[in-house]
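*Asks:* based on what follows, work out the 3D shape:
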Amino acid sequence: MKARKMTKTFGLAAAIALTLGLAACGKKPAPPVDERAGARTVSVSTVDARQMGGGVDAPGVLISREEASVNSELSGYAVAKVYVEAGALVRLGQPLALLDDSLLQSQIAQQTALVAQQKVAADQAAQQSDDVAGLDDQGVLSKEQIDQRRFQARSARAALDTQTAQLKDLQTREAKMTVRAPVGGLVLQRNVRPGDIASPAGTPMFTMARDDLIELQADVAEGEMTGIRAGDPVQVTLPDGSQVQGTVRLVLPAVDQTTKLGQVRISLPVRTDLRPGGFGRASFNGSSQSVPAVPETAVRYDADGASVMVVDSTDHVHQVPISTGQHAGGYVQLIKGPPVGSRVLRGAAVFVLPGDVVIPTQDGAAAQGAR
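*Replies:* Prediction:
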């Protein structure tokens with residue numbers, strides 16, 4: 001009887017102990033989740049400030065650095081002679097064409113005679129005015145007669161000045177009957193023929209390249225213009241394969257809104273085989289500059305454009321859109337994007353999504369560790 005009682009007490013104590021144990025297990029906190037469990041080991045690179053020099057090729061067109069339009073200042077005169085053709089190299093002031101001055105010569109002769117006639121009348125009036133000098137209030141002539149002679153002398157002199165001015169106008173026209181080169185340089189176009197009527201408002205008789213200066217107008221992508229500066233050396237390839245050395249003269253500040261291309265003017269040496277309208281290709285190899293850059297393998301492209309996958313301080317991945325510039329030595333310039341010092345994924349970016357946790361390994365060490 002006593003043994004049965006002890007057995008029952010022991011069973012009750014065991015049940016109580018089991019119940020307390022189960023209750024204690026229910027209150028114990030769950031172990032923390034390890035975010036790195038199953039995380040992919042990836043290769044990362046740092047956004048560095050690198051020397052990105054040249055490496056930019058751009059097509060272009062040969063143009064005149066400064067064109068001069070040549071036309072007559074006179075109107076209504078026929079062209080008598082044309083002295084030069086397109087392609088001629090002329091000097092400043094050299095005659096290019098001659099207008100027919102036969103009518104003008106007749107007008108000059110007539111006006112010369114009028115000037116001579118008026119000079120006689122002016123001398124006569126001046127002599128009559130001198131004759132009455134000192135006769136004021138003498139009673140020899142009335143005051144009205146004396147004043148009249150003096151006024152006639154002054155009027156005759158004014159008339160002579162008018163006729164002389166008209167003669168000078170005709171003589172000036174005579175000097176402009178010869179159309180001369182306003183600048184020295186290459187004649188690009190000749191648009192005049194003997195018999196044409198001169199008109200200042202008409203089509204220019206000639207078009208010239210000032211000082212025979214031809215330059216290349218290169219079209220450069222917007223992102224590649226940041227590394228081009230005035231004074232940079234440029235190698236220009238011509239259609240026949242020959243190359244000339246040029247210099248960046250001007251980088252235009254505006255970019256075409258449609259094509260997103262900017263224009264760069266490149267000065268070239270004076271050569272007879274450089275003709276406006278011809279094709280050329282510019283290779284910019286100017287001075288290097290330090291710019292933010294990442295490996296080309298770190299850049300990914302999708303429907304939203306170019307971007308890189310940035311790894312933050314907690315090893316989480318974020319997708320950041322970028323705008324690229326020059327490419328050189330396997331690196332690409334970041335015009336817009338993460339700052340220098342940021343970590344970006346390299347080729348493994350295609351297997352990682354924004355928000356993922358990764359195990360970063362600098363540059364190519366990850367690939368070696370995976371082996």
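*Asks:* which helix or strand contains residue 249?
*Replies:* In this structure, residue 249 sits in strand 243-255 according to DSSP states H and E.
*Asks:* residues contacting that strand, please?
*Replies:* 65, 215-216, 222, 225, 228-238, 261-269, 271, 274, 282, 284, 286 (C-beta atoms under 8 Å, 6 or more residues apart in numbering). In this view, the C-beta of every residue, glycine as well, is placed from N, C-alpha and C.
*Asks:* mind checking which of the residues you listed are buried?
*Replies:* Neighbour counting with 16 or more other C-beta atoms under 10 Å marks 65, 215-216, 225, 228, 232, 234-238, 261-268, 274, 282, 284, 286 as buried within these.
*Asks:* mind listing which of the residues you listed are in helices?
*Replies:* Among these, no residue falls in helices (DSSP state H).
*Asks:* what is the neighbour count of residue 290?
*Replies:* Counted with other C-beta atoms under 10 Å, the burial measure for residue 290 works out to 11 neighbours.
*Asks:* I meant to write residue 298 there.
*Replies:* 25.
*Asks:* what's the helix or strand for the nearest residue to it once chain neighbours are set aside?
*Replies:* Using C-beta to C-beta, 6 or more residues apart in numbering and skipping the chain neighbours, the partner closest in space to residue 298 is residue 344 (4.7 Å). Secondary structure from DSSP H and E places residue 344 in strand 343-345.
*Asks:* and that strand, how far out from the chain middle?
*Replies:* 36 Å (C-alpha atoms, centre = their mean, to the nearest Å).
*Asks:* name the residues that touch that strand?
*Replies:* Identification of contacts with strand 343-345 by C-beta under 8 Å, 6+ apart yields 42-47, 294, 298, 308-311, 317, 338, 352, 358, 360.
*Asks:* what distance do you get for the residue nearest to residue 298 to residue 313?
*Replies:* Between residue 344 and residue 313 the computed distance is 14 Å (C-beta to C-beta, to the nearest Å).
*Asks:* what mean pLDDT does stretch 335-347 get?
*Replies:* Stretch 335-347 comes out with an average pLDDT of 91.
*Asks:* report all helices and strands that the helix or strand harbouring residue 174 contacts.
*Replies:* Using DSSP H and E, residue 174 sits within helix 143-175. For helix 143-175, the elements it packs on are helix 102-131, judged by 3 or more C-beta pairs under 8 Å, 6 or more residues apart in numbering; DSSP states H and E.
*Asks:* next, the buried residues of the helix it packs on.
*Replies:* By neighbour count with 16+ other C-beta under 10 Å, helix 102-131 contains the buried residues 104, 107, 108, 111, 114, 115, 118, 119, 122, 125, 126, 129.
*Asks:* go on, stretch 81-90?
*Replies:* 82, 84, 88, 90.
*Asks:* likewise for stretch 149-166?
*Replies:* Buried-residue list, stretch 149-166, by 16+ other C-beta under 10 Å: 149, 150, 152, 153, 156, 157, 159, 160, 163.
*Asks:* follow-up on the earlier one: the buried ones among the contacts of strand 243-255 in strands, which ones?
*Replies:* Among the buried ones among the contacts of strand 243-255, the residues falling in strands (DSSP state E) are 215-216, 234-237, 261-267, 282, 284.
*Asks:* low-confidence stretches in the stretch 101-250 of the chain?
*Replies:* Across the stretch 101-250 of the chain, the ranges flagged by pLDDT under 70 are 134-141.
*Asks:* rerun at 80
*Replies:* Low-confidence segments of the stretch 101-250 of the chain, defined by pLDDT under 80: 130-147, 223-224, 226-227.
*Asks:* that older thread, neighbouring strands of the strand holding residue 344 in the sheet, and parallel or not?
*Replies:* Next to strand 343-345 in the sheet, as set by DSSP bridges, lie strand 40-46 (antiparallel), strand 305-311 (antiparallel).
*Asks:* tell me which of the ones you listed lies nearest to residue 324.
*Replies:* With C-beta to C-beta as the criterion, residue 324 lies closest to strand 305-311 of the strands paired with strand 343-345, at 5.8 Å.
*Asks:* can you redo the buried residues of stretch 149-166 as JSON lines with distance to residue 51?
*Replies:* What follows is the buried residues of stretch 149-166, written out as JSON lines (distance: C-beta to C-beta, whole Å):
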{"residue": "149", "distance to residue 51": "93"}
{"residue": "150", "distance to residue 51": "89"}
{"residue": "152", "distance to residue 51": "89"}
{"residue": "153", "distance to residue 51": "87"}
{"residue": "156", "distance to residue 51": "85"}
{"residue": "157", "distance to residue 51": "81"}
{"residue": "159", "distance to residue 51": "81"}
{"residue": "160", "distance to residue 51": "79"}
{"residue": "163", "distance to residue 51": "77"}
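*Asks:* nice, that's everything, thank you.
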